[in-house]
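Student: Pasting a predicted model and its sequence here:
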Amino acid sequence: MTPFFAMSLLFSLTFGQTASLCAPSEYVIHVEKRECAYCLAINTTICAGFCMTRDSNGKKLLLKGALSQNVCTYKEMFYQTALIPGCPHHTIPYYSYPVAVSCKCGKCNTDYSDCVHEKVRTNYCTKPQKLCNM
């Protein structure tokens with residue numbers, strides 16, 4: 001093994017977490033309410049990408065501190081509110097959603113993230129669509 005290869009391997013293992021591909025990504029959310037006439041397509045940013053993790057197959061043999069299951073999650077975010085068009089007066093026509101400013105690899109925080117991998121839900125409209133650029 002050449003010294004350059006050994007140093008590259010050591011560097012990537014040491015700083016691999018900071019070089020992960022976790023970053024804000026453009027995403028379109030489709031929002032509709034049963035009472036409202038339109039579906040709203042919202043352009044926003046979410047945290048998405050790859051984070052270094054350690055395999056937990058040997059969890060009985062390893063200490064808890066050695067097990068790391070990091071996810072790409074929000075470092076900084078704010079909430080934006082959109083108005084869903086075509087709603088009757090008795091319906092609340094507002095929808096609030098997170099906008100990612102920056103992201104990090106870390107533990108999943110259930111206060112603002114869904115940490116369970118559920119079956120894939122389709123993200124589409126069943127009603128006429130209105131586009132919301134925030």
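Tutor: Looks like it came in fine.

Student: can you give me the strands in the chain?
Tutor: For the chain, the strands identified by DSSP state E occupy 23-32, 39-48, 71-83, 94-106, 129-133, in order along the chain.

Student: most packed of the ones you listed?
Tutor: strand 39-48 (a mean of 18; mean count of other C-beta atoms under 10 Å). In this view, the C-beta of every residue, glycine as well, is placed from N, C-alpha and C.

Student: Show me what that one is packed against.
Tutor: Counting contacts by 3 or more C-beta pairs under 8 Å, 6 or more residues apart in numbering; DSSP states H and E, the secondary-structure elements packed against strand 39-48 are strand 23-32, strand 71-83, strand 94-106, strand 129-133.

Student: before we move on, the earlier item: next, format the strands of the chain as JSON lines and append distance to Asn123 and mean pLDDT.
Tutor: Listed next are these as JSON lines, based on distance: least, C-beta to C-beta, whole Å; pLDDT from 0 to 100:
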{"stretch": "strand 23-32", "distance to Asn123": "5", "mean pLDDT": "91"}
{"stretch": "strand 39-48", "distance to Asn123": "10", "mean pLDDT": "91"}
{"stretch": "strand 71-83", "distance to Asn123": "15", "mean pLDDT": "92"}
{"stretch": "strand 94-106", "distance to Asn123": "13", "mean pLDDT": "93"}
{"stretch": "strand 129-133", "distance to Asn123": "12", "mean pLDDT": "64"}
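
Student: How about Thr81: what's its closest non-neighbour residue?
Tutor: The shortest distance from Thr81 to any residue that is not its chain neighbour, by C-beta to C-beta, 6 or more residues apart in numbering, is 4.7 Å, and that residue is Ser96.

Student: typo on my end, it should be Glu76
Tutor: Sequence neighbours aside, Val101 is the residue nearest to Glu76 in space, at 4.0 Å (criterion: C-beta to C-beta, 6+ apart).

Student: same deal with His90?
Tutor: Nearest to His90 is Glu35, by C-beta to C-beta, 6+ apart, at 7.8 Å.

Student: Count the residues that sit near that neighbour.
Tutor: 13 (other C-beta atoms under 10 Å).

Student: How much space separates Tyr94 from Glu76?
Tutor: As for Tyr94, its distance to Glu76 is 23 Å (criterion: C-beta to C-beta, to the nearest Å).
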